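**Student:** Model the following, please.
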Amino acid sequence: MTNVQLLTDAHLTGARAAQNGRSAEVVTHDGPLRQTIIALVAGTELGEHNSPPAASIQVLAGRVRVTALEGDTELGDGELRVLTHDRHAVLALEDCAFLLTTVTSIPRP
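**Tutor:** Purely as a prediction, here's the structure:
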């Protein structure tokens with residue numbers, strides 16, 4: 001079992017102490033499913049990158065802006081969004097932590 005609140009607090013502390021303003025840990029890895037807690041200090045960005053076949057972001061603390069071709073979306077505590085299948089970026093508007101859920105491949109029968 002994973003205590004998400006304890007991990008959120010630990011990674012926020014880690015991000016604040018890190019030179020790059022980030023802290024992350026894969027907390028679930030089951031076949032193609034991965035869940036990662038990522039903490040960023042305000043102003044830190046995960047630059048534009050490709051999306052896996054399926055992904056969602058759930059903000060655990062703070063606020064983020066997801067920038068994508070179809071427009072920007074701001075998310076705060078407790079908000080969940082499916083991520084675009086296009087390139088996107090994530091900017092920390094405040095010190096934040098979020099749960100990134102991804103499906104990295106889809107097995108074929």
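**Student:** Given the helix or strand of the chain with the lowest mean pLDDT, what are its sheet partners and their directions?
**Tutor:** Among the helices and strands of the chain, strand 45-49 carries the lowest confidence by mean pLDDT, DSSP states H and E, at a mean of 88. Paired neighbours of strand 45-49 in the sheet (DSSP bridges): strand 88-92 (antiparallel).
**Student:** and for the strand it pairs with, what are the contacting residues?
**Tutor:** In this structure, residues lying in contact with strand 88-92 by Cβ atoms under 8 Å, 6 or more residues apart in numbering are 21, 40-49, 51, 57, 62-69, 98. Any C-beta I mention is one placed from the backbone N, CA and C, and that applies to glycine too.
**Student:** switch the cut-off to 6 Å
**Tutor:** Residues from elsewhere that reach strand 88-92, judged by Cβ atoms under 6 Å, 6 or more residues apart in numbering: 40, 42, 44-48, 64-68.
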